[in-house]
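*Asks:* Test case, fold it:
(one chain, ligands or ions: 1)
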Amino acid sequence: SSTIASAAIVEHSFHVQNLTVHKLCHRQVITAVNGSLPGPTIRVHEGDTLVIHVFNKSPYNLTIHWHGIFQLMSAWADGPDFITQCPIQPGASYTYRFTVTQQEGTLWWHAHVSWIRATVYGALIIRPRHGHSYPFPKPYREVPILLGEWWNANVLDVERQARATGAAPNNSDAYTINGRPGDLYPCSNKKSTYKLKIVHGKTYLLRIINAALNNQLFFKIANHKLTVVAVDASYTKPYVTDVVLVGPGQTTDVLLKADQAPRAYYMAARPYASAPNVPFDNTTTRGLIVYDNAPSSVKRVPSMPVMPAFNDTPTAYRFSSNLTGLAGARHWVPVPLQVDEHMFVTIGLGLERCRRNRVCQGPNGQKLSASMNNASFVFPSRLSILQAFAFNVAGIYTADFPNRPPLQFDYTNASNNNNTAIIFAPKRTSVKKVRFNATVEMILQDTALLAAENHPMHLHGFNFHVLAQGFGNFDPARDRSKFNLVDPQIRNTIGVPVGGWAAIRFTANNPGAWIMHCHLDVHLSSGFGTVFLVENGPTPATTLPPPPEDLPMC
Ligand code: C2O
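*Replies:* Residues are numbered from 1 along each chain as shown. Next up, the predicted model:
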């Protein structure tokens, strides 16, 4: 048929290699793909097959994850280390092969081992198939805007030090827009500022991606309204706003109409940090948009947007909870009404005891730790979970992740909680097995055992409907009636409100091992995750094929 004829094979080679760069008056060796930061932008049409040959010429273990891609019947290409594959070792290679189907919009790719994604990331843009158009007027240009985070130190050293001392890691030294910090940092200037030229009267589609490691970001453009048309590669009802909140892992597509006085304006991003007393880099990265016919006298004095305060939870919540899905759009999936697995999952930070005779630098002289339903996730090291699942290898994981936390407590009022059994969650590789096509509902409940915080929770392999969100302890009698079963936003990453909850649903229609985790890397490396094991379906078409021959071994 014509749809099959129009699908293409899009092939790329990723040469991953160390690279010396100069930023903020520092010379730093980073790991980068094809010598660029951000890495290459991948562009496909829905229905295309991607073939990406990854050559690891860096000194570190590596994997690449295609964030938000469904990987239908291709779980072996998902990429998180020790979940779907063993890492690609230095000198080795692996070819990721998958079809991009049933989704369109903005996604991205990043390394999924250690913290190396700080510099190993790029945009993945899925346009509609030939002959199909957007559910909004065709933009004049499309522009990826990748927000990132930059350290003057080697990020792997930053990570190692945090793990060894049990303390929070050193803050990044800058946020970046398309790899550039902008001119507000020490030793930075106009040359380190991203610049977009625009034509008066035209409309631009900005594909905003938060690739930062540990911070949610507010994004604004001076004097301009933005119209959100998609999040996480899923269309939304047009939503007009002057500020966008993007959590790590999330993407937001906005239309920008060049309808203001022709001059120069700053676009800016700076953190939304919901946890009290956690030190973080509260600085601002900015870039420029410049009207092409602006007189040079006014180009020199760009307007700066007024950014929300770093702890402006009302603004963050208003943006995140007001978005709705574009029900009926192409690839729209109605909310499944019949639920097979009802899960109530506590998420949050706790502590890990320090080894005997040692004092750690975390709270109470302990180490920071994180957990879901009282299990602090430990990555396997001998084999990936998917290999163990597919070939029935015992001893790699336990399929005992519970549907509820072992104890009920006042989740969001820290002073009511002195429950050491929960603060010191056991470290385990505990996963949840679900039947093919089961519908899973999860109430994600933030906890305030240590401190409440907005956690961007990301699920691999599936999109989910965000039925409702709120503050405080989830109360079924009160809160179930708020579920939007008609046109909820569809996402792969949800910022669970600080000291609050979010209700999500997805249908497990894809066999494989799918990690769900907090997309703040500092939390993922402290155990903030679990894995869904989805069994094969009844037919060959719903059975996971055998792994590719070059799948890296441990
Ligand atoms: Cu952006 Cu586990 O992923």
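
*Asks:* who's in contact with residue 135?
*Replies:* 229, 235, 326, 329, 330 (Cβ atoms under 8 Å, 6 or more residues apart in numbering). Every C-beta, even on glycine, is put in place using the N, C-alpha and C of the backbone.

*Asks:* Could you check how far it is from the ligand?
*Replies:* Separation of residue 135 from the ligand (Cβ to the nearest ligand atom, to the nearest Å): 26 Å.

*Asks:* That residue: helix or strand, and which one exactly?
*Replies:* Under DSSP states H and E, no helix or strand contains residue 135.

*Asks:* picking up where we left off before, quick check: strands, which of the contacts of residue 135 are part of them?
*Replies:* Judged by DSSP state E, strands contain the following of those: 229, 235.

*Asks:* any chance of the contacts of residue 135 in CSV, with distance to residue 17, pLDDT and neighbour count too?
*Replies:* Shown next, in CSV, are the contacts of residue 135 (distance: Cβ to Cβ, whole Å; pLDDT from 0 to 100; neighbours: other Cβ atoms under 10 Å):
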residue, distance to residue 17, pLDDT, neighbour count
229, 36, 98, 22
235, 37, 98, 25
326, 41, 98, 20
329, 40, 98, 16
330, 39, 97, 16
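
*Asks:* quick one: the closest residue to the ligand within the stretch 351-500 of the chain and residue 481, what's the gap?
*Replies:* The minimum distance from the stretch 351-500 of the chain to the ligand, using Cβ to the nearest ligand atom, falls at residue 458 (5.2 Å). Between residue 458 and residue 481 the distance is 28 Å, computed by Cβ to Cβ, to the nearest Å.

*Asks:* With adjacent residues omitted, what lies nearest to the residue in the chain that the ligand sits nearest to?
*Replies:* Nearest to the ligand, among the residues of the chain, is residue 67, at 3.7 Å (Cβ to the nearest ligand atom). Spatial nearest neighbour of residue 67, chain neighbours left out: residue 108 (5.2 Å); criterion: Cβ to Cβ, 6 or more residues apart in numbering.

*Asks:* OK, contacts around residue 203?
*Replies:* Listed by Cβ under 8 Å, 6+ apart, the contact set of residue 203 reads 137, 139, 140, 255, 256, 257, 258.

*Asks:* May I have the phi/psi pair for it?
*Replies:* Backbone torsions of residue 203, given as degrees, to the nearest 10, read phi -110, psi 130.

*Asks:* ok, now residue 117?
*Replies:* phi -70, psi -10.

*Asks:* Check whether the helix or strand containing residue 388 comes near the ligand.
*Replies:* Element membership for residue 388, per DSSP H and E: helix 385-390. No: Helix 385-390 stays clear of the ligand (Cβ under 6 Å from any ligand atom), getting no nearer than 13.2 Å.

*Asks:* Now tell me what touches that helix from outside.
*Replies:* Applying Cβ under 8 Å, 6+ apart, the contact partners of helix 385-390 are 75-76, 82-86, 380, 393-394, 396-397, 429, 431, 512-513, 531, 533, 544, 546-547, 551.

*Asks:* Just the buried residues from those residues, in PyMOL please.
*Replies:* PyMOL command restricting the contacts of helix 385-390 to the buried ones, with burial defined by 16 or more other Cβ atoms under 10 Å:
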select buried, resi 75+76+82+83+84+85+86+380+396+397+429+431+512+513+531+533+544+547+551
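
*Asks:* Just the pLDDT for residue 4.
*Replies:* Listed pLDDT for residue 4 reads 52.

*Asks:* Residue 421 too?
*Replies:* Looking at residue 421, its pLDDT reads 71.

*Asks:* My read is that it contacts residue 407, right?
*Replies:* Yes: between residue 421 and residue 407 there is a contact under Cβ atoms under 8 Å: 6.7 Å.

*Asks:* Now the common contact residues for the two.
*Replies:* Counting by Cβ under 8 Å, 6+ apart, the residues touching both residue 421 and residue 407 are residue 374.

*Asks:* SS state for residue 522?
*Replies:* Three-state call for residue 522 (DSSP: H, G, I helix; E, B strand; the rest coil): helix.

*Asks:* from what I can see it touches residue 167, true?
*Replies:* No: counting by Cβ under 8 Å, residue 522 does not reach residue 167; the two are 10.5 Å apart.

*Asks:* and residue 60, what does it touch?
*Replies:* Neighbour list for residue 60: 31, 90, 113, 114, 116, 156 [criterion: Cβ under 8 Å, 6+ apart].

*Asks:* go with 6 Å
*Replies:* Contact analysis of residue 60 by Cβ atoms under 6 Å, 6 or more residues apart in numbering lists nothing.

*Asks:* That one should be in a helix, yeah?
*Replies:* No: assigned with three-state DSSP, residue 60 falls outside any helix and is coil.

*Asks:* still on that earlier bit, so which of the contacts of residue 203 wins on neighbours?
*Replies:* Comparing these by number of neighbours (other Cβ atoms under 10 Å), residue 256 comes first, having 23 neighbours.

*Asks:* That residue - nearest residue in space that isn't next to it in sequence?
*Replies:* Distance criterion Cβ to Cβ, 6+ apart; nearest residue to residue 256, sequence neighbours excluded, is residue 204 at 4.5 Å.

*Asks:* which residue of this structure sits farthest from its center?
*Replies:* Here the chain reaches farthest from its C-alpha mean at residue 297, the gap being 40.6 Å by Cα atoms, centre = their mean.

*Asks:* Give me the phi and psi for that one.
*Replies:* The phi/psi pair for residue 297 (degrees, to the nearest 10) reads phi -60, psi -40.

*Asks:* ranges for the strands of the stretch 251-400 of the chain?
*Replies:* 251-257, 264-272, 285-291, 341-352, 367-372, 376-377 (DSSP state E, counting those that start in this stretch).

*Asks:* Now do the longest strand along the chain, average pLDDT.
*Replies:* When the chain is parsed with DSSP E, its longest strand is strand 9-23. Averaging pLDDT along strand 9-23 yields 96.

*Asks:* cool, and stretch 278-287?
*Replies:* Stretch 278-287 shows a mean pLDDT of 89.

*Asks:* The ligand contacts on the stretch 451-554 of the chain?
*Replies:* By Cβ under 6 Å from any ligand atom, the residues of the stretch 451-554 of the chain that approach the ligand are 458, 460, 515, 517, 519.

*Asks:* now with 8 Å?
*Replies:* For the stretch 451-554 of the chain, the contact set with the ligand under Cβ under 8 Å from any ligand atom comprises 458, 460, 493, 515, 517, 519, 524.

*Asks:* doesn't residue 520 make contact with the first one?
*Replies:* It refers to residue 458. No: with contacts counted by Cβ atoms under 6 Å, residue 458 stays clear of residue 520, the gap being 10.0 Å.

*Asks:* out of everything not next to it in sequence, what's closest to residue 262?
*Replies:* Of all residues not flanking residue 262 in the chain, residue 291 sits nearest, at 3.7 Å (Cβ to Cβ, 6+ apart).

*Asks:* hmm, back to that, buried ones in the helix holding residue 388?
*Replies:* Residues of helix 385-390 classed as buried by neighbour count (16+ other Cβ under 10 Å): 385, 386, 387, 388, 389, 390.

*Asks:* right, and the helix or strand after that helix?
*Replies:* helix 420-423.

*Asks:* which residues sit against that following helix?
*Replies:* Under the criterion Cβ under 6 Å, 6+ apart, residues 350, 351, 374, 449 lie in contact with helix 420-423.

*Asks:* ok, now with 8 Å
*Replies:* Helix 420-423 is contacted from outside by 346, 350, 351, 374, 405, 406, 407, 409, 417, 447, 449, 450, using Cβ under 8 Å, 6+ apart.
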